[in-house]
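Asker: starting from these lines, generate the structure:
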Amino acid sequence: MPGGRLTQQERRRIALGLADGLPYAEIARRLGRPTSTVTREVMRNGGPTAYRADAAHRATERRARRRAPVPSRGAGPLPESRGRDARAVAEYEESLTTVLMASGLPRMAARVLTCLFTTDAGSLTAAELVRRLQVSAASVSKAIAFLEGQSLVRRERDERRRDRYVVDDELFYQATLSSARAHDQLIRTARQGAAVLGPDTPAADRLENIARYLDFISRSIARAAEEARAVLRTGGDPSAP
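Answerer: Just a heads-up that it's a prediction; the model follows:
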């Protein structure tokens, strides 16, 4: 029933909907479930092309068995409460993780980034991430390495000489610039191809148009990032005209 766990039959209907090319919202409507429930279910079980209902059901049962709380010795507090509804926070974190995965992040990297986004301090150590996520140190280390490679987290040393992983506005600026520069090699190669194939040929024109398009997009992204950074530093609204 809506609000409870998905049944095996519901998962099979999700699989049929995916096979028919239905959007998540339509599958959810037919099930009488929130769209976020269907999106989360699919993304945590292989994505739309690899989702298998029976495998997803078995995986959910295994996760449920593993969730019996086992407090670790010396474990510190879980995320700050500050009077917040713990269940609502947990549901939001799951939704944010799902959205980050849909944007292309691996699941563990998305979970780590969600932790960093939702902690008031804006930074956590590896040990704190392990405790919050209840995963191995190796899993956290691999996720951090990926996020650092994407310029989505920054490493700092605290007063106790521990590595802390930080997210802030400057990181998003750097990540946006990195994304804008990602097309540079393709632009150069496309223009090289246009020169090799010779002027006034359809193939050369096609490659030159690709280069011009990507160059325009990259410059626009970089310019928008600079403008948004300047506005945010003055406390304004970057979406305002």
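
Asker: all helices of this structure, in order?
Answerer: Remark: helices assigned in the chain by DSSP state H are 8-19, 24-31, 35-43, 53-66, 86-102, 107-118, 126-133, 137-149, 169-181, 184-197, 202-233.

Asker: against which helices or strands is the fourth one packed?
Answerer: Judged by 3 or more Cβ pairs under 8 Å, 6 or more residues apart in numbering; DSSP states H and E, the packing partners of helix 53-66 are helix 8-19. In short, each C-beta sits where N, CA and C put it, glycine included.

Asker: report pLDDT for the residue lying farthest from the centre of the chain.
Answerer: Distance from the centre of the chain peaks at Asp200, with 43.1 Å (Cα atoms, centre = their mean). Turning to Asp200, the model gives it a pLDDT of 84.

Asker: and Glu170, how far from Gly46?
Answerer: Between Glu170 and Gly46 the distance is 35 Å, computed by Cβ to Cβ, to the nearest Å.

Asker: residues of the lowest-mean-pLDDT helix or strand in the chain that come out buried?
Answerer: Every helix and strand in the chain was compared by mean pLDDT, DSSP states H and E; the lowest is helix 169-181, with a mean of 75. For helix 169-181, the neighbour count (16 or more other Cβ atoms under 10 Å) marks 171-177, 180 as buried.

Asker: what does stretch 87-100 give?
Answerer: Buried residues in stretch 87-100 (16+ other Cβ under 10 Å): 93, 95-98, 100.

Asker: show me what contacts the residue nearest in space to the middle of the chain?
Answerer: The chain has Leu100 as the residue nearest its centroid, 2.1 Å off, counting by Cα atoms, centre = their mean. Residues counted as contacts of Leu100 (Cβ atoms under 8 Å, 6 or more residues apart in numbering) are 109-110, 113-114.

Asker: thinking again about what came up before, tabulate the buried residues of helix 169-181 (JSON lines), appending distance to Ala195.
Answerer: Below are the buried residues of helix 169-181 laid out as JSON lines (distance: Cβ to Cβ, whole Å):
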{"residue": "Leu171", "distance to Ala195": "38"}
{"residue": "Phe172", "distance to Ala195": "36"}
{"residue": "Tyr173", "distance to Ala195": "34"}
{"residue": "Gln174", "distance to Ala195": "33"}
{"residue": "Ala175", "distance to Ala195": "32"}
{"residue": "Thr176", "distance to Ala195": "31"}
{"residue": "Leu177", "distance to Ala195": "28"}
{"residue": "Ala180", "distance to Ala195": "24"}
